[in-house]
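S.K.: Provided below for reference: sequence and predicted model.
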Amino acid sequence: MDILLVASAFNSLSQRVYAELSDQGHRVDAVLASHGADAVRAAVREVRPELIVAPMLASALPEDVWREHTCLIVRPGPPGDRGPSPLDWAITEGASEWGVTVFQAEAALDAGDVWADGSFPVPPAGKGDVYRNELSDAATAAVLLAVRRFTEGSFKPRPQSDPGIRVVWRDALHQEERRIDWGHDDTQTVLRKLRAADSRPGVPDELCGREVFLHGGHPEDRLRGEPGELLATRSGALCRATRDGAVWIPELRPGKGSGDPAPFRRPAASVLSGFPAPPGSGPGMPGSNDRPYWLPEIAVPLELPPGRTTWADIRYRQRGAVGFLSFSFPGGAMSTTHCRRLLAAYRYALTRRTSVLVLGGTRDVFSTGLHPHVIEASSDPAGESWSNLLAMNDLVEAVLRTTDRVVVAALGGNAAAGGVMLALAADEVWCRTGAVLNPHYRNLGLYGSEFWTYSLPRRVGAETAERLTGEGLPVSAAAAERMGLVDRLVPVPPGEFTAEVERLAAEVAADPDLPRRITTKTTARHADELQQPLAEYRRTELARMRDVFSDPQAPYHALRSALVRGLPSGPARPLAARGTA
């Protein structure tokens with residue numbers, strides 16, 4: 001069937017719906033509603049779809065489109081729930097369960113007949129995490145069911161006027177309602193407010209006399225202070241006291257009145273370092289570092305002792321012969337500093353006596369490669385792009401050169417660009433069934449690096465590698481397994497992924513054939529090195545990338561700037577969504 005996706009952004013859910021509908025044999029195309037109603041109408045005329053599906057919409061479809069075509073809208077709320085901030089309200093109000101609805105577009109907002117719906121548990125996690133995982137699982141299942149019902153032709157959608165559906169209207173969750181009362185709100189209330197706005201729009205606040213928006217929130221078990229007091233930094237995050245505890249805030253977005261020339265979210269400590277120090281902070285050089293000089297940097301060990309409840313974006317633990325090096329960076333982006341710290345942790349993990357090392361293994365995004373926000377905020381974006389790329393290459397090369405144990409990349413969520421190549425550097429790639437992979441660099445107009453010209457063809461063949469990087473298609477976990485990008489699918493809910501990976505890794509470590517596998521791996525790496533050294537792959541890729549970074553007219557710079565600022569960029573018909581998968 002010919003299906004047209006209409007989305008305000010080709011985001012994680014839009015990509016997953018696109019990939020899974022394509023897997024089922026449908027001919028899927030897409031158009032970005034953010035380019036306007038005329039772009040949507042033009043795509044409809046060209047594609048002449050049998051069905052229109054809108055996985056993510058921030059504006060209404062043109063009336064002439066939904067009157068002439070069956071249009072199915074995905075809403076991140078249960079049947080009867082209406083209003084513009086459904087998931088935000090669910091997290092803010094502490095809902096333990098939430099839902100998704102696929103309904104037919106009509107004149108009344110969110111009131112169309114229901115083709116499918118589903119429910120999911122709401123974990124204590126940020127909105128972006130829940131959206132990409134539990135909600136994405138439920139929404140994709142509902143879309144596939146609705147499409148099947150439409151194809152069969154006998155299903156009658158359920159009106160939302162049905163007596164069994166309770167209609168609840170919630171107004172938009174306004175910024176003043178999100179604001180934290182540091183002297184009154186307890187830690188759990190603070191965390192709910194932070195998590196309900198972690199990806200966007202952030203929680204409005206004021207630090208050092210400047211307007212900021214807070215992104216992300218994690219509990220702290222030991223540090224304490226006066227409510228609202230800034231207590232410490234750690235790996236780019238800020239710790240702030242609540243009425244009865246403290247929370248870690250990984251990212252800040254400077255407000256329009258802050259005077260910051262880079263008004264987009266990035267590591268919190270680096271934003272604060274450019275603000276004037278509070279009175280009485282003592283001598284220092286504000287803005288000369290990536291953290292405020294007047295706050296202590298309080299680190300924690302890679303191996304946290306049992307019972308600690310604190311934030312750390314990189315952790316190591318060991319269970320018998322298996323080492324687990326987990327990491328979780330906001331949105332999966334990895335700055336120069338992130339890469340260097342993860343490489344240091346990886347080298348530490350290699351000093352431990354294990355036969356299996358699991359890289360990743362947590363829920364949500366594995367990695368998306370370079371950190372465009374940090375790059376864009378730099379005084380020298382080209383230079384920072386280069387430094388970030390070198391650090392990412394160093395990390396990937398360390399994984400590729402590990403020959404004394406089996407390395408497993410465990411992807412609990414999505415991966416893209418250099419993040420996919422980091423995973424492919426491992427001996428095995430395990431992937432939760434809900435993940436989407438983007439094994440290409442097209443979104444930023446880049447050739448790519450991280451040894452992709454070595455890792456990708458050896459897994460999928462030269463022809464498929466060229467197609468993947470050239471077409472820029474999102475790939476479902478199932479399709480990735482079929483083509484050889486993924487070795488094992490892990491069909492569990494997001495919250496069970498870590499435990500299941502631990503169980504599977506223990507099985508690998510107990511396999512009597514493991515020593516032979518390690519020997520075979522060492523021999524193969526030596527043979528590959530003789531055929532073409534890794535240094536040669538690296539040199540060739542970096543030369544292509546350096547040419548782009550050093551060219552101020554290269555599309556990369558405009559695409560990166562638009563991306564971090566949330567501005568429309570590229571064509572109304574994404575390259576990644578043309579044709580069939």
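M.R.: Looks like it came in fine.

S.K.: what about residue 273, neighbour count?
M.R.: Residues lying near residue 273 (other CB atoms under 10 Å) number 22. Just so you know, the C-beta spots here come from the backbone N, C-alpha and C atoms, and that holds for glycine as well.

S.K.: which one is residue 214 nearest to, not counting chain neighbours?
M.R.: residue 203 (4.3 Å; CB to CB, 6 or more residues apart in numbering).

S.K.: quick one: the one you found and residue 195 touch, right?
M.R.: No: using CB atoms under 8 Å, residue 203 is not in contact with residue 195, being 9.7 Å away.

S.K.: distance of residue 20 relative to residue 436?
M.R.: 9 Å (CB to CB, to the nearest Å).

S.K.: likewise residue 121?
M.R.: Counting by CB to CB, the separation of residue 121 from residue 436 is 21 Å.

S.K.: okay, these two: which has more neighbours?
M.R.: Set side by side, residue 121 and residue 436 show more neighbours around residue 436, with 27 against 14, by other CB under 10 Å.

S.K.: hang on, isn't the more buried one packed against residue 474?
M.R.: Yes: Residue 436 is in contact with residue 474 according to CB under 8 Å; the separation is 5.2 Å.

S.K.: now the element after the host helix or strand of residue 129, going C-ward?
M.R.: Assigned by DSSP states H and E, residue 129 belongs to helix 127-130. Downstream of helix 127-130, the next assigned helix or strand under DSSP H and E is helix 136-152.

S.K.: tell me what that next one is packed against?
M.R.: For helix 136-152, the packing partners by 3 or more CB pairs under 8 Å, 6 or more residues apart in numbering; DSSP states H and E come out as helix 12-23, strand 51-56, strand 71-75, strand 97-104, strand 114-121.

S.K.: okay if I get those as a markdown table plus mean pLDDT and distance to residue 226?
M.R.: What follows is those, written out as a markdown table (pLDDT from 0 to 100; distance: least, CB to CB, whole Å):
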| stretch | mean pLDDT | distance to residue 226 |
| --- | --- | --- |
| helix 12-23 | 97 | 39 |
| strand 51-56 | 98 | 41 |
| strand 71-75 | 98 | 42 |
| strand 97-104 | 98 | 35 |
| strand 114-121 | 98 | 36 |
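
S.K.: just put these in a markdown table and tack on distance to residue 267.
M.R.: A markdown table is the format used below for the helices and strands packed on helix 136-152 (distance: least, CB to CB, whole Å):
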| stretch | distance to residue 267 |
| --- | --- |
| helix 12-23 | 22 |
| strand 51-56 | 27 |
| strand 71-75 | 32 |
| strand 97-104 | 30 |
| strand 114-121 | 30 |
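
S.K.: helices of the stretch 201-350 of the chain, start to end?
M.R.: Counting by DSSP state H, counting those that start in this stretch, residue ranges of the helices within the stretch 201-350 of the chain are 268-272, 336-351.

S.K.: let me know whether residue 343 touches residue 394 as I believe.
M.R.: Yes: using CB under 8 Å, residue 343 is in contact with residue 394, at 5.7 Å.

S.K.: more crowded one of the two?
M.R.: Using other CB under 10 Å as the criterion, residue 343 and residue 394 rank with residue 343 on top: 18 against 15.

S.K.: report pLDDT for that one.
M.R.: Predicted confidence (pLDDT) for residue 343: 98.

S.K.: repeat for residue 288
M.R.: pLDDT at residue 288 comes out at 49.

S.K.: most packed of the helices of the stretch 201-350 of the chain?
M.R.: Highest mean neighbour count of the helices of the stretch 201-350 of the chain: helix 268-272, a mean of 25 (counted as mean count of other CB atoms under 10 Å).

S.K.: output the below-cut-off pLDDT ranges for this structure.
M.R.: Applying pLDDT under 70 to the chain flags the ranges 282-289, 575-581.

S.K.: and if we set it to 80?
M.R.: Applying pLDDT under 80 to the chain flags the ranges 280, 282-289, 568-581.

S.K.: so where's the longest helix in it?
M.R.: Secondary structure of the chain per DSSP state H: the longest helix is helix 381-400.

S.K.: got the angle between it and helix 336-351?
M.R.: 10 degrees (axes from the mean of the first three to the mean of the last three CA atoms, to 10 degrees).

S.K.: mind listing what the helix or strand that helix 381-400 is followed by pairs with, with the direction of each?
M.R.: Going down the chain from helix 381-400, the next helix or strand is strand 406-412, by DSSP H and E. Within its sheet, and counting by DSSP bridges, strand 406-412 is paired with strand 356-363 (parallel), strand 428-432 (parallel).

S.K.: ok so, going back, okay, and the common contacts of residue 20 and residue 436?
M.R.: Common neighbours of residue 20 and residue 436, counting by CB atoms under 8 Å, 6 or more residues apart in numbering, are residue 476.

S.K.: and the nearest residue to residue 43 once chain neighbours are set aside, how far is that from residue 100?
M.R.: The shortest distance from residue 43 to any non-neighbouring residue, by CB to CB, 6+ apart, is to residue 31 (3.6 Å). Taking CB to CB as the measure, residue 31 falls 22 Å from residue 100.

S.K.: who has more neighbours, these two?
M.R.: Between residue 31 and residue 100, residue 100 has the larger neighbour count (other CB under 10 Å), namely 29 against 25.

S.K.: and the gap between the more buried one and residue 535?
M.R.: 49 Å.

S.K.: got it, and residue 558?
M.R.: Residue 558 is 32 Å from residue 535, by CB to CB.

S.K.: of these two, which one has the most company?
M.R.: Taking other CB under 10 Å, residue 558 and residue 535 do not tie; residue 558 has more neighbours (16 against 10).

S.K.: identify the residues contacting that one.
M.R.: Contacts of residue 558 (CB under 8 Å, 6+ apart): residue 569.

S.K.: doesn't it lie inside a helix?
M.R.: Yes: under DSSP: H, G, I helix; E, B strand; the rest coil, residue 558 sits within a helix.

S.K.: burial count for residue 534?
M.R.: Residue 534: 17 neighbours (other CB under 10 Å).

S.K.: residue 567 versus the residue lying closest to residue 386 once chain neighbours are set aside, what's the distance?
M.R.: Counting by CB to CB, 6+ apart, residue 386 lies nearest to residue 549, which is 5.5 Å off, once chain neighbours are set aside. Using CB to CB, one gets 21 Å for the distance from residue 549 to residue 567.

S.K.: comparing these two, which shows the higher neighbour count?
M.R.: Higher neighbour count among residue 549 and residue 567: residue 549, with 21 against 10, using other CB under 10 Å.
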